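Chemist: need a structure here:
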Amino acid sequence: MTARAKRASRRVWDLPVRLFHWMLAGGCLLAWLTGGGVGGAFRHALAGYALLGLLIFRLIWGFTGTRHARFGDFIHGPGTVWAYLKRLFSGGEITHPGHNPAGGWVILLLMMMAGAAFFTGVAALGEEFGEGPLGHRLVLEEGTWAGRFTALTLHRAAVWGLLGLAAFHLAGVLAGSALLRQNLIAAMITGRKSAPLPPSPAETSPAAVPVAEEVPLRGGAALLMLGLAGSFALSMGLWDGWPPPPQPPIAKGGAWEKACGDCHLAYDPALLPVRSWRAMLQPGADHFGTPLDLAPAEIPPLRAFAEAGAAEGRPGGKAHRVGRSLASDRAALRITETALWKRRHREIPPETWKRKPVMSRARCEACHPDAREARFDGRRVRIPQGNS
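Modeler: The predicted model follows:
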């Protein structure tokens, strides 16, 4: 094969790099599609952990992979980047078969922004939903960080930064394809660049090794799949928090269930703080428009039961987050008044509350099959459709 023919079709991207590239693009799209809506937090988290597995693989492959997969091949200083850009727009000779110096920095920034999106997403998952490794360690209090500057705010900023970089990367690929007269998108599919390119110094050496044979590529692909499998396993293990927080048994009481359950769900006392129960369980208190229909002798044991199982005495449980999202000087009488409840239900359309069997924001069990256990697992949320 002549030198000219060799330059006409050169293998540049190995299979693991190509798999990483398209799986990363697909993972970002999946994360975007699952980022909104009620009950999608678990699917969104799976997509996020898949991206983590891909990033870990790429970091390893960036030091151990084939020639053009290594960071040293495409991460250069500012002088090299500027010189490349001047040659590119002046029609000069381009001698970078792999990622060019400018594109290399975009790739690195994309990886860094994807990592930032993942870690801020983990924090937001714990802050908003009480899930993941930070689920029982990040609790917002109304009037402090709530609604102003939260992990979710940082996560959204990282996501938009990632999308902006991805758009810039795509624009660069299209511009490069036009200027260099080569299909860079097809090259990331086939692994080959078909446009005439001068050989790199390493390839002109008699001792040069073909790029596809530098390392066992099957091992690289296996490493990629292992990273994905490990990230999915990690996501499953960390969903409920690790190490697992203490989970006191859900408060049960025959008198409590009888007194409350005749009219509505016998809410677990951990859904509100002590101060709320004290304000609610007073003799003759107004109970949401009607008198508290309890004999004076019934109230003290019910109040004692509620105070014993309230949010302050249930560290680590998921339900306590609702009560702790209240400002410390406020005694809300409704769970739906808490800042955390409002944030977690803000995407539900107003008409949903009018559907059967919902009919009220107080009917948690209509969408949460585990409401009686006060679990409120995001994976099990089912929003009723229609009116039946």
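Chemist: Which strands and helices lie in contact with the helix or strand containing residue 153?
Modeler: For residue 153, the host element (DSSP states H and E) is helix 151-180. Judged by 3 or more Cβ pairs under 8 Å, 6 or more residues apart in numbering; DSSP states H and E, the packing partners of helix 151-180 are helix 15-33, helix 78-90, helix 101-129, helix 184-190. No exception for glycine: its C-beta is placed from N, CA and C like everyone else's.
Chemist: try 6 Å this time
Modeler: helix 101-129, helix 184-190 (3 or more Cβ pairs under 6 Å, 6 or more residues apart in numbering; DSSP states H and E).
Chemist: got the angle for the first one vs helix 151-180?
Modeler: Calculated by axes from the mean of the first three to the mean of the last three Cα atoms, to 10 degrees, helix 101-129 forms an angle of 160 degrees with helix 151-180.
Chemist: coming back round to it: can you add mean pLDDT and give the helices and strands packed on helix 151-180 back as a markdown table?
Modeler: Shown next, in a markdown table, are these (pLDDT from 0 to 100):
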| stretch | mean pLDDT |
| --- | --- |
| helix 101-129 | 86 |
| helix 184-190 | 86 |
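Chemist: Any figure for the gap between residue 31 and residue 54?
Modeler: Per Cβ to Cβ, to the nearest Å, residue 31 is found 11 Å from residue 54.
Chemist: before we move on, the earlier item: residues of the helix holding residue 153 that come out buried?
Modeler: Residues of helix 151-180 classed as buried: 151-152, 154-156, 158-159, 161-162, 165-166, 173, 176-177, 180 (neighbour count, 16 or more other Cβ atoms under 10 Å).
Chemist: Helices of the stretch 201-350 of the chain, start to end?
Modeler: In the stretch 201-350 of the chain, the helices defined using DSSP state H, counting those that start in this stretch lie at 201-204, 217-238, 254-261, 274-280, 299-308, 320-324, 339-344.
Chemist: Going by mean pLDDT, which of these comes out lowest?
Modeler: Per-stretch mean pLDDT for those is lowest at helix 201-204 (a mean of 44).
Chemist: what's the neighbour count on the spatially closest residue to residue 360 that is not a sequence neighbour?
Modeler: Excluding its sequence neighbours, the residue lying closest to residue 360 (Cβ to Cβ, 6 or more residues apart in numbering) is residue 353, at 6.9 Å. Taking other Cβ atoms under 10 Å as the criterion, the count of residues near residue 353 is 15.
Chemist: what's the answer for residue 363, then?
Modeler: 15.
Chemist: now do residue 356
Modeler: A count of nearby residues for residue 356, using other Cβ under 10 Å, gives 10.
Chemist: My reading is that it lies in a helix. Confirm?
Modeler: No - Residue 356: not assigned to a helix; according to DSSP: H, G, I helix; E, B strand; the rest coil it is coil.
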